[in-house]
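[1] Fold the following and give me the result.
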Amino acid sequence: MFTTIVVGVDGTARSEHAARVAANIAQKYGASLILVYAYDPVPRYLGTNLYEEAVARAIAHGEEVLEQTVSHLPRSVRAEQELLEGPPAMAILKVVEARQANLVVIGSRGLGEIAALALGSVGHKLIQQSPVPVLIVKKAEPEGA
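    A predicted model of the protein is given here:
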């Protein structure tokens, strides 16, 4: 049913839990798993040195988040990693299209409906624009689970 699963991660407990849920689904279906981390675009008006430093910091943080997420997945699951610049929803959708994914998994931010609509949450954008099903994982596992 699922062959390629894209997971949006951001370093929070909710996104790590969503990645574990996606890993379980991937194991069940023999699907490939792709973790996506997107960092905010760095303004180019900072000047070359500051711009390059800010991009390097953003990339280093993204790599750290991706590696940390992988470390919390079952060892039997191989997860590819994508680190992209831009809004998270757009980055996830680019990977879905490029990799011909058929499921997106993300963690919930826990906002109410009105707050999520006002903020234009990643989940809301994905639900509206994704050509494939979107699974929003609502709660992280309790401590010790």
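
[2] number of nearby residues for the nearest residue to R109 once chain neighbours are set aside?
    Among residues not flanking R109 along the chain, S121 sits closest, at 6.0 Å (Cβ to Cβ, 6 or more residues apart in numbering). Bear in mind the C-beta positions are built from the backbone N, C-alpha and C, glycine included. Neighbourhood size, S121 [other Cβ atoms under 10 Å]: 20.

[3] Now for this structure, the helix or strand with the poorest mean pLDDT.
    Sorting the helices and strands of the chain by mean pLDDT, DSSP states H and E puts helix 113-119 at the bottom, at a mean of 51.

[4] Roughly how far does the residue nearest to R109 sit from S15?
    13 Å (Cβ to Cβ, to the nearest Å).

[5] what's the offset of stretch 82-95 from the middle of its chain?
    On the basis of Cα atoms, centre = their mean, to the nearest Å, stretch 82-95 sits 8 Å off its chain's mean C-alpha point.
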